[in-house]
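> Coordinates only, no sequence provided:
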């Protein structure tokens, strides 16, 4: 993948109370948007409260998706 390419990935909760907007970042859930060197991850919040007791969940999930989809630069990789 070229470094000039920027991809966008949406993480959407299944079986939530509402349908989430996956084409833009202005969903009713107020998604967490995380920018990485090679793309963006948009983590939508479940309106049923399933992650309410874990305020860092969206950030961690964005980092997991970024690692799997190779959105991090080599400097960001652990080890």
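That came in fine, so what should we check first? If you're wondering where the values come from, they're calculated on a predicted model, not measured in any experiment.
> Residue 72 contacts residue 36, doesn't it?
Yes: here residue 72 reaches residue 36: they are 5.8 Å apart, a contact under C-beta atoms under 8 Å. Yep, even glycine has a C-beta here, placed from its N, CA and C like the rest.
> neighbour-wise, which of the two wins?
The residue with more neighbours, out of residue 72 and residue 36 and counting by other C-beta atoms under 10 Å, is residue 36; that gives 21 against 16.
> Show me where this structure has its strands.
Chain-ordered strands for the chain, with DSSP state E as the definition, fall at 7-11, 32-36, 39-43.
> would you turn those into JSON lines with mean pLDDT and distance to residue 65?
Converted to JSON lines, those look like this (pLDDT from 0 to 100; distance: least, C-beta to C-beta, whole Å):
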{"stretch": "strand 7-11", "mean pLDDT": "93", "distance to residue 65": "5"}
{"stretch": "strand 32-36", "mean pLDDT": "95", "distance to residue 65": "9"}
{"stretch": "strand 39-43", "mean pLDDT": "95", "distance to residue 65": "5"}
